[in-house]
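Q: Predicted model and sequence follow; I will ask about them next.
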Amino acid sequence: MLVDDSKLVYMQIKQILANTNYEIVEYCKSGEDALDKYAQVQPDLVTMDIIMPGMDGLETASILKEEHPEAKIIMLSSLAYDDTFKEAERIGAEAFVAKPLEPNELLAAIDAALAD
Ligand SMILES: [Mg+2]
């Protein structure tokens, strides 16, 4: 499940996943949307943007992990700073992948998260 307010990022990730065994089962444009849909969709993995209108991705991830401790979340953001990394780790995110996205880096993070 992909959570990002940017349709361009959705298109980009869709392309990155095109020749893999992974598919996007749900695209959410906001944190609120993601919290609404998670239980119904039950995705293997969530990629979570941080900067979004409304609830940001760190808050969304935090609530998601409280409600669904089994949720696997990869943060995807241009906010590649120590305090953001630490916050993502504290929340229990599997990984942090910096934007602009490197296809191989994203795929490696997804592989690793799903291998646990
Ligand atoms: Mg954004």
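A: Ah, there it is.

Q: In this protein, which residue is most central in space?
A: Centroid check for the chain by C-alpha atoms, centre = their mean gives T47 as the closest residue, at 1.5 Å.

Q: My guess is that one contacts Q12. True?
A: No. Contact criterion C-beta atoms under 8 Å: T47 and Q12 do not qualify, at 11.2 Å. Glycine gets a C-beta too; all of them are placed from N, C-alpha and C.

Q: how far away is the residue nearest to the centre of the chain from D56?
A: 15 Å (C-beta to C-beta, to the nearest Å).

Q: so T47 is in which element?
A: T47 is part of strand 46-49 when elements are defined by DSSP states H and E.

Q: partner strands of that strand, parallel or antiparallel?
A: Sheet pairing for strand 46-49, assigned by DSSP bridges, gives strand 2-3 (parallel), strand 73-77 (parallel).
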